[in-house]
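Asks: turn this into a model:
(chains A, B, C and D)
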There are 2 protein chains.
Amino acid sequence: MLDERSRQVLFAVIDCYINSPGPVGSRVVTKQYAFGLSPATIRNIMADLEEIGFLKQPHTSAGRVPTDTGYRYYVDAITAEKQSLESGLASDLNRRLELLGKDINLFLDDASRMLSVMSHYIGIALSPNTSSALLNRIDLIKYRDDQVAVILFSDEGIIRNKIVPISPEVTQADLNRIAEYINDRFSGSTLDEIKRLILGEMMKEKVLCDSLIDEAIRICRDIFSAAPGNVYISGLSGMLSLPDFCDIARIKDLMSAIEDKQIMVNFLDRIADAEGTQIFIGSENPLDEMKKLSLVAATYKEGSRPIGTVGIIGPTRMNYQHAITIVDMTAKYITTMLSYR
Amino acid sequence: MLDERSRQVLFAVIDCYINSPGPVGSRVVTKQYAFGLSPATIRNIMADLEEIGFLKQPHTSAGRVPTDTGYRYYVDAITAEKQSLESGLASDLNRRLELLGKDINLFLDDASRMLSVMSHYIGIALSPNTSSALLNRIDLIKYRDDQVAVILFSDEGIIRNKIVPISPEVTQADLNRIAEYINDRFSGSTLDEIKRLILGEMMKEKVLCDSLIDEAIRICRDIFSAAPGNVYISGLSGMLSLPDFCDIARIKDLMSAIEDKQIMVNFLDRIADAEGTQIFIGSENPLDEMKKLSLVAATYKEGSRPIGTVGIIGPTRMNYQHAITIVDMTAKYITTMLSYR
DNA sequence: ATTAGCACTCTCCATCATCGAGTGCTAATA
DNA sequence: TATTAGCACTCGATGATGGAGAGTGCTAAT
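Replies: You can find the predicted model right below:
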């Protein structure tokens, strides 16, 4: 589709633009990249690239700027070829990852910060989606007359805990029977499944005395209903130092994109199923607020089941090579970290 | 210190400035507030107010702007006199508060959002400081060969939970003995105290067999060491719509003030002991990053012990009357909410 | 003690000319 | 045929200029 020379020119323009914003002229391309061609020739090539939509001019007689489509071509190219990740970066990243805690939620908070520091963009990390976690066991602890602590375990730890009100007549022994029942029936299923199954099944079940069933149903409805995921976001102030965000309007866009964490959670949840590193460039983004930003994200897994996401949000003019490496390594690190526990 | 007329002029200027930024001139004061005085007289009074440092001119022949000292005088005045809170505001606020959840952490997240919506500034809420919570009971649940779930209860619910590795030889019965021991000795003390006492005391204690003590000490060290507080912050994007943040530099200041949550937590923790609503105006702020912002904060309590903070961060030119009312009511609401459980 | 009047100051805004970077096109060149 | 030098042209950025307007301080009159 693109001859070798055009490719190189496109990549040169992108490279230039990543290093400093502002349209790239034909002259600087010839200066900084040894093509052995004159500006005039470069101009012709650039005109061709504009024609097929990989570059555009902000206005007549300014230099060229890559379009989202241009970036897409570039990103596809660099992800296709074997990534020779800079050894310095890799070891630095590993060192930083080692330093973070082992508790997954604290880890994610730190990880988002680390991602932002390493990339100079915004680092995000989405906490594990508990509703697809496998129940290992449930514990019900009566700790006050009218309250019971419900604790759900997966194989990897406590996934949920909550205080639920309860009628004072229910004894710890009763609670043990409820817990035993749930453990027998449902351990090994995901919380989502349990939520769907449990209410119906309990209605029919007659092994427990009736008033208990009422309590049990209420408890289950409470604890198995979806808990909101948590998203950690870091590096906003750093982003503002970038020349890309020199006008207030863009900053406001950025903020509103970030601010509603619920939207963010839903969005990241939605892409969590896909394999490998995902890249959304500017207008490719499904979220309106992010049409002028790019997202590089990868999911981390527990076993083979993707449970959460880490990523970097930056200007479309971001250093994709760098970002991809960082995000990829971080996701892989979390995955192995989870499997070693 | 200030005669009645000067006071009124000062308040008029502040009122004007709160409604729209930009220096206020003598003419608009005479127009909007019926003093029955001419602009010239107002000018003289304003010159006096400038002399004592309550107003200042951005440049010769611009209007006047309140100084931090001026605001302080104003705020002291309005807090001293009986607050006649607008009935509309109060009921609206109450309605919104009722809508929020009852689980304290979810509540705080929503509350910070509510605070920002109501004030149009930034809403903050600091989660309860668990290290000064009173232990009601500890539970140790072995749920895998090499791991134990530790759950701390206060009178109000689960305050901490954590998975701690453990040697496989320790049985559930052993854990029960450890838990019983801790419950006997320490329930009713704050986690902070326990942390200080427990390690030393355990060393001496010989009721448990030795290898168990080692395990117990390790577990306690883990679970009783300080957990980071959590701070919920909302409304950044809204703030950017204010005319006060029209230049990037101020936005960056704002961001860096907000971004490092750890600093925020420490700061809010430090002021958490004081009674009533606290107000830091501009340069009064202990935090450098906040020297151009104001903070209105109040603590909420559990019984008589202050355990957390809610507040509003805005430009020094904020509507203090409004902010104080909102923050105050919210803190009081949380306090009663906690006491009814 | 207050006020009208007036000269003065300073910001804001639009206008205008200039500069320079970068282009597209054409004609010359290898 | 592909490349390049040369040139006219476009357009944004920059800075100077010059009212207009808002608001002051001062003085003299009430």
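Asks: which residues touch the residue of the stretch 101-250 of chain A found nearest DNA strand D?
Replies: Using CB to the nearest atom of the strand, the single residue of the stretch 101-250 of chain A nearest to DNA strand D is A:C246, 10.3 Å away. All C-beta spots, glycine's among them, are computed from the backbone N, C-alpha and C. Residues near A:C246 by CB atoms under 8 Å, 6 or more residues apart in numbering or on different chains: B:I248.
Asks: distance of it relative to A:L295?
Replies: According to CB to CB, to the nearest Å, A:C246 and A:L295 sit 21 Å apart.
Asks: A:V231 now?
Replies: Per CB to CB, A:V231 is found 13 Å from A:L295.
Asks: now swap in A:R196 and tell me
Replies: As judged by CB to CB, A:R196 and A:L295 stand 31 Å apart.
Asks: between these two, who's got more neighbours?
Replies: Using other CB atoms under 10 Å in any protein chain shown, the more surrounded residue of A:R196 and A:L295 is A:L295, with 29 against 13.
Asks: helix, strand or coil for the more buried one?
Replies: Assigned by DSSP: H, G, I helix; E, B strand; the rest coil, the conformation of A:L295 is strand.
Asks: for it, give the beta-bridge partners.
Replies: On the basis of DSSP bridges, A:L295 is bridged to A:F280, A:I313.
Asks: what's the answer for the one 5 residues further on, then?
Replies: According to DSSP bridges, the residues that bridge with A:Y300 are A:G308.
Asks: what sits against it?
Replies: Going by CB under 8 Å, 6+ apart, A:Y300 touches A:306-310, A:331-332, A:334-335, A:338.
Asks: go ahead and confirm A:S131 touches A:R196.
Replies: No - using CB atoms under 8 Å, A:S131 is not in contact with A:R196; the gap is 10.7 Å.
Asks: which residues do these two both contact?
Replies: In contact with both A:S131 and A:R196: no residue, using CB under 8 Å, 6+ apart.
Asks: which stretches in chain A count as helices?
Replies: Assigned by DSSP state H, the helices in chain A fall at A:4-19, A:26-32, A:39-51, A:68-80, A:87-99, A:104-119, A:172-186, A:191-204, A:210-224, A:236-240, A:248-259, A:261-271, A:320-340.
Asks: what does the fourth one rub up against?
Replies: Surrounding helix A:68-80, the residues in contact under the criterion CB under 8 Å, 6+ apart are A:2, A:7, A:10-11, A:13-14, A:49, A:53-55, A:66, A:277, A:279, A:281-284, A:294, A:316, A:320-321, A:324.
Asks: list the buried residues in it.
Replies: A:68-75 (16 or more other CB atoms under 10 Å in any protein chain shown).
Asks: adding distance to A:E215 and pLDDT, write the residues you listed out as CSV.
Replies: Formatted as CSV, the buried residues of helix A:68-80 follow (distance: CB to CB, whole Å; pLDDT from 0 to 100):
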residue, distance to A:E215, pLDDT
A:D68, 56, 97
A:T69, 59, 97
A:G70, 62, 97
A:Y71, 57, 98
A:R72, 56, 97
A:Y73, 61, 97
A:Y74, 60, 97
A:V75, 55, 97
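Asks: show me what contacts the closest residue to A:Q32 other than its chain neighbours?
Replies: Among residues not flanking A:Q32 along the chain, A:C16 sits closest, at 6.7 Å (CB to CB, 6 or more residues apart in numbering or on different chains). Shown in contact with A:C16 (CB under 8 Å, 6+ apart): A:24, A:28-29, A:32.
Asks: rewinding a little: just put the buried residues of helix A:68-80 in CSV and tack on distance to DNA strand D.
Replies: As requested, the buried residues of helix A:68-80 are arranged in CSV below (distance: CB to the nearest atom of the strand, whole Å):
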residue, distance to DNA strand D
A:D68, 21
A:T69, 23
A:G70, 21
A:Y71, 22
A:R72, 26
A:Y73, 21
A:Y74, 22
A:V75, 27
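Asks: now render the residues you listed as CSV, adding distance to A:D103.
Replies: Output for the buried residues of helix A:68-80, formatted as CSV (distance: CB to CB, whole Å):
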residue, distance to A:D103
A:D68, 39
A:T69, 42
A:G70, 42
A:Y71, 37
A:R72, 38
A:Y73, 41
A:Y74, 38
A:V75, 34
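Asks: for the nearest residue to A:I233 once chain neighbours are set aside, give me the pLDDT.
Replies: In this structure, A:I233 finds its nearest non-sequential neighbour in A:I124, 5.3 Å apart by CB to CB, 6+ apart. If you check A:I124, the pLDDT there is 97.
Asks: A:I124 and A:Y232 touch, don't they?
Replies: Yes - look at A:I124 against A:Y232 with CB under 8 Å: they come within range, at 6.7 Å.
Asks: and those two? Which one has more around it.
Replies: For the pair A:I124 and A:Y232, the greater number of neighbours falls to A:I124 (26 against 21), based on other CB under 10 Å.
Asks: show me the contacts for that one.
Replies: A:I124 neighbours (CB under 8 Å, 6+ apart): A:112, A:115, A:231-234, A:264, A:268, A:297, A:309-313.
Asks: check A:M255 too.
Replies: A:M255 touches A:236, B:236-237, B:240, counting by CB under 8 Å, 6+ apart.
Asks: give me the pLDDT for it.
Replies: pLDDT for A:M255: 90.
Asks: before we move on, what about A:E50?
Replies: For A:E50, the model assigns a pLDDT of 97.
Asks: likewise for the one 3 residues further on?
Replies: On pLDDT, A:G53 comes in at 96.
Asks: was I right to think it contacts A:L10?
Replies: No - with contact defined as CB under 8 Å, A:G53 does not count as touching A:L10 (11.4 Å).
Asks: okay, the two: which has more neighbours?
Replies: Per other CB under 10 Å, whichever of A:G53 and A:L10 has more neighbours is A:L10, with 25 against 12.
Asks: pLDDT score assigned to that one?
Replies: On the pLDDT scale, A:L10 is placed at 97.
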